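Asks: model this:
(chains A and B)
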2 protein chains.
Amino acid sequence: MPEKQQSPTGRPRDPDVSERLIAAALEEYARTGWQSFTMQGVARRAGVGKSALYRRWTTKEELLIAGVESVALPLSETSDSGNLREDLTDAATRILHHFLDPTGWATLRISVDSTASPTMLDPFQERVTQAIRSGITAIFTHAADRGELTSDVPVRPLVESLVGSILVHVLSMPFDVRDDARQNAAAHVEPLVDVIMRAASPQPCP
Amino acid sequence: MPEKQQSPTGRPRDPDVSERLIAAALEEYARTGWQSFTMQGVARRAGVGKSALYRRWTTKEELLIAGVESVALPLSETSDSGNLREDLTDAATRILHHFLDPTGWATLRISVDSTASPTMLDPFQERVTQAIRSGITAIFTHAADRGELTSDVPVRPLVESLVGSILVHVLSMPFDVRDDARQNAAAHVEPLVDVIMRAASPQPCP
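Replies: The predicted structure is shown next:
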């Protein structure tokens, strides 16, 4: 395949090509899973020469780690509005979009595949779940500092409940509802945030 | 491959062989995912001739539906002890074991794969999630009848939170903790059930 993206030597790597390759890698993975995932398939999907791909990442694993990190970074950044419900709704909305997006879905598949065959994709599982968890954990820590959080429920199960409820919500969603979920994400996550708010907040007596 | 399990004609199908083939199908799927899943691989894993497999199920889809149903049925049956926490703990423990077991894990992969390519595996997603949800929904319905459930939180998000929290708990579990989770399942699900109990129960004033 002819190499169109780069001059033969010396020119700095084009960040657009890197981004395109990373997006293509995650889309390809979402479609194929680990077993049928190939560097060739990624290059073809991106419309980029194989040598440009191999110049950046020499193995499937390296490429996928770059992909997971590109997706994980924005998820670990959360808002700090001073209000627990508002921050959780914001984070939950972004996680919902994440799971509805092919690239976000790819990271879930990587996570599932790595649990099936631990030797091969071991580093991924930690990175993906860690990024999602760390953002929400920070939200709860801020709320605890403000006294908005009850002290008798540990944070970890709250985080697992919120992330998990969004995941199961997407997993059990009929396909024709997915567009509605994209457009009305806040309405979809509201009942799930309600559950966490009830579990997390001290219940004042009337 | 020689056919050892069945006489050429007339003999009734051996249920042991069917069970072995279904278990082999789910184990094979947990390892390969959809793309590399073959009838031949299932027959080889079960140590059964291909013709015995094709006599029972003519396509991959039919075989996987049988597999999903064999796993889903026990999950939809729940205890009714008269106590919400006890019933939820029992159901959560079984769902934890389900996700830690290769055959249960296979049904999750089927669910994830079917969300990635809706035309191919569409019927599965509904069956797996439906079986898990229906059991827990019944537990909440019984609790509501007894007045143990607050009326201002709908049941569906509670179910999504409990099932999802167990799923994320397994997904983010380091590999060497899995044995501990199998042996001390109740301790692993307790904090997750706590979250749901706080969210689901009317909070009495002291």
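
Asks: Helix or strand: which one has residue A:16?
Replies: helix A:15-32 (DSSP states H and E).

Asks: So which elements touch that helix?
Replies: Contacts defined by 3 or more CB pairs under 8 Å, 6 or more residues apart in numbering or on different chains; DSSP states H and E place helix A:15-32 against helix A:39-46, helix A:50-56, helix A:60-76, helix A:102-116. Every residue, glycine included, has its C-beta placed from N, CA and C.

Asks: what about those helices, which gets the closest to residue A:138?
Replies: helix A:60-76 (8.3 Å; CB to CB).

Asks: For the closest one, give me every contacting residue.
Replies: With CB atoms under 8 Å, 6 or more residues apart in numbering or on different chains as the test, helix A:60-76 has contacts from A:19, A:21-22, A:25-26, A:29, A:37-39, A:42, A:53, A:56-57, A:94-95, A:98, A:103-104, A:106-107, A:110, A:121, A:123-124, A:127-128, A:130-132, A:134-135.

Asks: Over to the residue in chain A positioned nearest to chain B: give its phi and psi.
Replies: For chain A and chain B, the shortest gap (CB to the nearest CB) falls at residue A:164, measuring 2.5 Å. Main-chain dihedrals, residue A:164, degrees, to the nearest 10: phi -60, psi -40.

Asks: show me the contacts for it.
Replies: Residue A:164 sits next to B:160, B:161, B:163, B:164, B:165, B:166, B:167, B:168, B:169 when contact means CB under 8 Å, 6+ apart.

Asks: The nearest residue in space to residue A:36 that is not next to it in sequence: neighbour count?
Replies: Take residue A:36 and drop its neighbours on the chain: the residue closest to it by CB to CB, 6 or more residues apart in numbering or on different chains is residue B:35, 4.2 Å away. Applying other CB atoms under 10 Å in any protein chain shown, we find 14 residues neighbouring residue B:35.

Asks: Could you look up the SS state of residue B:35?
Replies: What DSSP: H, G, I helix; E, B strand; the rest coil gives for residue B:35 is coil.

Asks: That one is in contact with residue A:29, isn't it?
Replies: No. Contact criterion CB atoms under 8 Å: residue B:35 and residue A:29 do not qualify, at 11.2 Å.

Asks: circling back: and the pLDDT for the residue of chain A closest to chain B?
Replies: The model reports residue A:164 with a pLDDT of 94.

Asks: The one 3 residues further on too?
Replies: Looking at residue A:167, its pLDDT is 90.

Asks: Tell me how far the lowest-mean-pLDDT helix or strand in chain A lies from the chain's centre.
Replies: Taking mean pLDDT, DSSP states H and E as the measure, chain A has helix A:102-116 as its least confident helix or strand, at a mean of 76. On the basis of CA atoms, centre = their mean, to the nearest Å, helix A:102-116 sits 9 Å off its chain's mean C-alpha point.

Asks: residues in contact with it?
Replies: Helix A:102-116 is contacted by residues A:23, A:26-27, A:29-30, A:33-34, A:64, A:67-68, A:71-72, A:97-99, A:120-122, A:124-125, A:128-129, A:167, B:30-31, B:33, B:105, B:108-109, B:112-113, B:115-116, B:170-171 when judged by CB under 8 Å, 6+ apart.

Asks: sorry, back to before: so can I have JSON lines of the contacts of residue A:164 showing secondary structure?
Replies: Shown next, in JSON lines, are the contacts of residue A:164 (three-state DSSP):
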{"residue": "B:160", "secondary structure": "helix"}
{"residue": "B:161", "secondary structure": "helix"}
{"residue": "B:163", "secondary structure": "helix"}
{"residue": "B:164", "secondary structure": "helix"}
{"residue": "B:165", "secondary structure": "helix"}
{"residue": "B:166", "secondary structure": "helix"}
{"residue": "B:167", "secondary structure": "helix"}
{"residue": "B:168", "secondary structure": "helix"}
{"residue": "B:169", "secondary structure": "helix"}
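
Asks: Sort out which one of these lies nearest residue B:150 for me.
Replies: residue B:161 (14.4 Å).

Asks: surely the closest one meets residue B:199?
Replies: Yes. Here residue B:161 reaches residue B:199: they are 7.1 Å apart, a contact under CB under 8 Å.

Asks: between the two, who's got more neighbours?
Replies: More crowded of residue B:161 and residue B:199, by other CB under 10 Å: residue B:161, with 30 against 22.

Asks: Tell me, how many residues neighbour the spatially closest residue to that one that is not a sequence neighbour?
Replies: By the measure of CB to CB, 6+ apart, the closest residue to residue B:161 outside its immediate chain neighbours is residue A:165, 4.1 Å from it. A count of neighbours around residue A:165, defined by other CB under 10 Å, yields 30.

Asks: for residue A:165, what are its contacts?
Replies: With contact set as CB under 8 Å, 6+ apart, residue A:165 has these partners: A:192, A:195, A:196, B:157, B:160, B:161, B:164, B:165.

Asks: Would you mind listing where chain A has pLDDT under the threshold?
Replies: Along chain A, the parts satisfying pLDDT under 70 run over A:1-13, A:115-126, A:203-206.

Asks: change it to 80
Replies: A:1-15, A:31, A:33-35, A:72-76, A:102-103, A:105, A:107-131, A:150-153, A:174-175, A:201-206 (pLDDT under 80).

Asks: domain parsing for it?
Replies: A:15-63, A:69-200 (automatic domain parsing).

Asks: can you list the ones you listed in a markdown table and add distance to residue B:144?
Replies: Output for the domains of chain A, formatted as a markdown table (distance: least, CB to CB, whole Å):
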| stretch | distance to residue B:144 |
| --- | --- |
| domain A:15-63 | 39 |
| domain A:69-200 | 16 |
